[in-house]
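Chemist: sequence and predicted model, in that order:
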Number of protein chains: 2
Amino acid sequence: MKLQPVDISKTASVADIVFEALRKAIIEGDLKDGEPLRQDEIARLFNTSRIPVREAITMLEQQGLVTTQRYKGAVVASIAPDEVAEIFDFRALVEGTVIKAAVERMSEESRRKARQCHEAFSSSTDPMAWGDLNRQFHYTLYQDSGLPYHLGIVNNALDRIDRYLRAQLMLSNGRARAHDEHLAILEACEAGKAELAADLTRRHILGAKTSLLDHLKRK
Amino acid sequence: MKLQPVDISKTASVADIVFEALRKAIIEGDLKDGEPLRQDEIARLFNTSRIPVREAITMLEQQGLVTTQRYKGAVVASIAPDEVAEIFDFRALVEGTVIKAAVERMSEESRRKARQCHEAFSSSTDPMAWGDLNRQFHYTLYQDSGLPYHLGIVNNALDRIDRYLRAQLMLSNGRARAHDEHLAILEACEAGKAELAADLTRRHILGAKTSLLDHLKRK
DNA sequence: ATATTGTAAATTGGATCCAATATATGCATA
DNA sequence: TATGCATATATTGGATCCAATTTACAATAT
């Protein structure tokens, strides 16, 4: 007998499913800043009761993706330019450290996968896919860092500003620039130059920050 | 008529109260690693139903303070030495950055309050109070950083290892050493030496890390 | 005695119901 | 018309109930 074992106790609850769906909708910008989340409406959409929906919403609140007021409900969290800037600074700090650790123990497999992501990013013509590919590229480079706690925090930070990152990529030369900078980072990783990769990553993130903030102010 | 206005819509729900109580119990070590959280039992303790308890538990899970398994329930999250080490590294990285920003804009008020905390820490004979005073001291020094996002993350990291920090303070010369290092940090802040304060803070945290890990291994 | 199976008790997940609060609507009045 | 008030409706928070699953335990077989 050969069976692929599945740990049932880790299967997703209804709340998990609702949470993931809402999270995706928020970070992809399908649910806009300040848009209210009606428990009843969501429950109907998912053919369930309000209980799992409420659970999903409290999860989202802990993640900072929605804000709730007692008896008024939850709205998609809006985020001030100041906080966007701070999160980019934070990312530069942490992701720099993470990639440095990762380069020193990066597997051949990860390098290959990263290059694949990079190529997919370059050749994709679907602006909606850019955000995913961009994120996947970075994540692949971080994977081998051996710093799961750092990675969790980085992922949460990325969730908070994903919408803006996507917007930034669609700016005039956002994607071309990302392409070039990604390539430089990738080459540093492949050459085993950890400190260089860290430096390029930091600059990559801070560059995206200024570019995005310029754009936000001009509007 | 003079009234202190209170925003009713921000008053705590039952779930918030339960959450805070459980959080406190976990970080102070009253609830031990791996100890199960029975919804029914907790609900009875707080004279409420299981619904707010469940909400509190999902909040704790998002904070990483408990882990849950479907249909099996929640237990206080245990934390491997590796992860303790990683969190200390993370703290050194972020808190160094935070205190550097804070020194450059620290108010007279905050400096005075920090010194008060330091003195209270020195003179307190209650080992249980040390943890609080230690944390309050650091937090006061970080307050003026203008980096609320960073502060939130740091607070969460502290929650995760608070138990171990308390243990570390009670080690042979843990408190004496903390006292000396705190004093050095405080003086650097008062002298406006931001980079020095950052460096001392990083070393303070990494020192606590090695001291604690040594202790964990010896056991 | 040990292992295995079946059943009862305990526990969690989800649905439904009620209470508390907020929002919208209509009416009266200046 | 604009303002204030009262009521109706909508929405969230919490309690209770039922279903799904796990855990404890007794009975049975080897």
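Modeler: The structure has been received and is ready for your questions.
Chemist: and the lengthiest helix in chain A, what other elements does it pack with?
Modeler: Ranked by residue count and defined by DSSP state H, the top helix of chain A is helix A:194-218. Counting contacts by 3 or more C-beta pairs under 8 Å, 6 or more residues apart in numbering or on different chains; DSSP states H and E, helix A:194-218 packs against helix A:81-103, helix A:148-170, helix A:174-190. For the C-beta atoms, the positions are set from N, CA and C on the backbone; glycine is no exception.
Chemist: state the number of residues packed around A:Glu83.
Modeler: 17 (other C-beta atoms under 10 Å in any protein chain shown).
Chemist: surely it meets B:Leu147?
Modeler: No - using C-beta atoms under 8 Å, A:Glu83 is not in contact with B:Leu147, being 9.9 Å away.
Chemist: if we can go back for a sec, so which bits of the longest helix of chain A are buried?
Modeler: For helix A:194-218, burial by neighbour count (16 or more other C-beta atoms under 10 Å in any protein chain shown) applies to A:194, A:196-202, A:204-209, A:211-213.
Chemist: and the contacts of it?
Modeler: With C-beta atoms under 8 Å, 6 or more residues apart in numbering or on different chains as the test, helix A:194-218 has contacts from A:81, A:84-85, A:88-89, A:91-93, A:95-97, A:99-101, A:103-104, A:141, A:164-165, A:167-168, A:171, A:174, A:177-178, A:181-182, A:184-185, A:188-189.
Chemist: filter those residues down to the buried ones and hand me the PyMOL line.
Modeler: The following PyMOL line selects those of the contacts of helix A:194-218 that are buried, judged by 16+ other C-beta under 10 Å:
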select buried, chain A and resi 84+85+88+89+91+92+93+95+96+97+99+100+101+103+141+164+165+167+168+174+177+178+181+182+184+185+188+189
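Chemist: chain B next: which of the contacts of helix A:194-218 are close?
Modeler: A:89, A:93, A:97 (C-beta under 8 Å from any C-beta of the partner chain).
Chemist: per-domain residue ranges of chain A.
Modeler: A:12-76, A:81-218 (automatic domain parsing).
Chemist: just the endpoints, please. Distance across the first one?
Modeler: Between the opening and closing residues of domain A:12-76 there is a gap of 23 Å (C-alpha to C-alpha, to the nearest Å).
Chemist: wait, A:Pro36 touches A:Ala77, no?
Modeler: No - using C-beta under 8 Å, A:Pro36 makes no contact with A:Ala77, being 11.9 Å away.
Chemist: neighbour count: the two, which is higher?
Modeler: Neighbours around A:Pro36 and A:Ala77, counted as other C-beta under 10 Å, are more numerous at A:Ala77. The numbers are 18 against 12.
Chemist: so what does the more buried one look like in phi/psi?
Modeler: Per-residue torsions, A:Ala77: phi -70, psi 130 (degrees, to the nearest 10).
Chemist: which residues of chain A lie near DNA strand D?
Modeler: Where chain A comes near DNA strand D, counting by C-beta under 7 Å from any atom of the strand, the residues are A:8-9, A:36-40, A:50-51, A:54, A:68, A:70-74.
Chemist: in helices, which of these fall?
Modeler: A:39-40, A:50-51, A:54.
Chemist: which two in those are spaced the farthest apart?
Modeler: Within these, A:Asp40 and A:Ile51 form the most distant pair, 12.0 Å apart (C-beta to C-beta).
Chemist: the more surrounded of the two?
Modeler: Between A:Asp40 and A:Ile51, A:Ile51 has the larger neighbour count (other C-beta under 10 Å), namely 14 against 10.
Chemist: look up how far B:Glu55 lies from that one.
Modeler: 10 Å (C-beta to C-beta, to the nearest Å).
Chemist: relative to DNA strand D, how far out is the most centrally placed residue in chain A?
Modeler: Centroid check for chain A by C-alpha atoms, centre = their mean gives A:Leu158 as the closest residue, at 3.6 Å. Going from A:Leu158 to DNA strand D by C-beta to the nearest atom of the strand, to the nearest Å gives 27 Å.
Chemist: just A:Ser124 next, same as before
Modeler: 37 Å.
Chemist: next up, the contacts around that residue.
Modeler: Contact analysis of A:Ser124 by C-beta under 8 Å, 6+ apart lists A:130, A:133.
Chemist: dihedrals phi and psi, it?
Modeler: Dihedral angles (degrees, to the nearest 10) for A:Ser124: phi -70, psi 140.
Chemist: burial check on the closest residue to chain B within chain A, number of neighbours?
Modeler: Residue nearest to chain B within chain A (C-beta to the nearest C-beta): A:Gln62, separated by 3.5 Å. Other residues near A:Gln62 come to 18 when the count uses other C-beta under 10 Å.
Chemist: mind listing what it touches?
Modeler: B:58-59, B:62-63.
Chemist: from those, pick the one nearest A:Leu45.
Modeler: B:Thr58 (20.5 Å).
Chemist: thought that closest one was touching A:Leu60?
Modeler: No - B:Thr58 is not in contact with A:Leu60 according to C-beta under 8 Å; the separation is 10.6 Å.
Chemist: I'd like to know how many residues surround whatever residue of chain A ends up closest to DNA strand D.
Modeler: Residue of chain A nearest DNA strand D, by C-beta to the nearest atom of the strand: A:Gly73 (3.2 Å). Counted by other C-beta under 10 Å, the residues lying close to A:Gly73 total 13.
Chemist: how near is it to B:Ile57?
Modeler: For A:Gly73, the distance to B:Ile57 - C-beta to C-beta - is 21 Å.
Chemist: A:Glu108: neighbouring residues, count only.
Modeler: 8.
Chemist: hmm, I was thinking of A:Leu133
Modeler: 22.
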